[in-house]
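K.L.:
Below is the sequence, then the predicted model.
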Amino acid sequence: MADAKRKTGRTARAASSRGGAMREADYAALAQFRYQLRTFLAFSEAAAQNAGLTPQQHQALLAIKGLADPNGASVGDIAGFLLIRHHTAVELVDRMAKLKLISREADPEDARRVLVKLTAKGEQKLRSLSRIHLDELSAAAPALGKILRSFLAKVR
């Protein structure tokens, strides 16, 4: 995750170093892009709360499943994916284990490491939330596509 953070920073610096005048349309596209992101995030937070989860718990479920390691995800993996500190991830994992959304096991290769997996309850919550999130993204796709195409046109 640190690599992704560094890459994003490099991308931003590279774009700004290219120079070039900003057009009114560029500002409008950036504003619309940020609006679309905020709209989706607000939808996501409300959906998580309606499912009885905090937004961070939903994100953690998605991180655990999305990391796609059949052995599970480490607490460090979760922290990196959510861009939070390790001790914050430990507290999050503790709360989610109490809710029976996840289970913890010792890593078979390194007993000092704890791996986290979704329980059936966690899988069910994530599945229902993911369906509605994909529907929401499908609805937003035309607007996002148009905005992203305008950014690509600017780069060329």
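P.N.:
Thanks, I have it. Residues are numbered from 1 along each chain as shown.
K.L.:
Show the contacting residues for Phe107.
P.N.:
No, residue 107 isn't Phe; it's Asp. Contacts for Asp107 (CB atoms under 8 Å, 6 or more residues apart in numbering) come out as Asn71, Ser74, Arg113, Val114, Leu115. C-betas here are computed from N, CA, C, even on glycine.
K.L.:
and the helix or strand harbouring the third one, which strands flank it?
P.N.:
Assignment of secondary structure by DSSP states H and E places Arg113 within strand 110-118. Based on DSSP bridges, the strands next to strand 110-118 in the sheet, each with its direction, are strand 73-74 (antiparallel), strand 102-107 (antiparallel).
K.L.:
Identify each buried residue in the last one, please.
P.N.:
Applying a neighbour-count criterion of 16 or more other CB atoms under 10 Å, one finds Ile102 buried in strand 102-107.
K.L.:
cool, stretch 108-127 as well?
P.N.:
Of all the residues in stretch 108-127, those buried under the rule 16+ other CB under 10 Å are Val114, Leu115, Val116, Lys117, Leu118, Gly122, Lys125, Leu126.
K.L.:
Including distance to Thr54 and pLDDT, could those go into TSV?
P.N.:
As requested, those are exported to TSV (distance: CB to CB, whole Å; pLDDT from 0 to 100):
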residue	distance to Thr54	pLDDT
Val114	21	90
Leu115	22	95
Val116	16	97
Lys117	20	96
Leu118	16	97
Gly122	14	98
Lys125	12	98
Leu126	14	98
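K.L.:
Between these, which sits nearest Leu41?
P.N.:
Distance to Leu41, by CB to CB, is smallest for Leu126 among the buried residues of stretch 108-127, at 17.5 Å.
K.L.:
Good, we can wrap up now.
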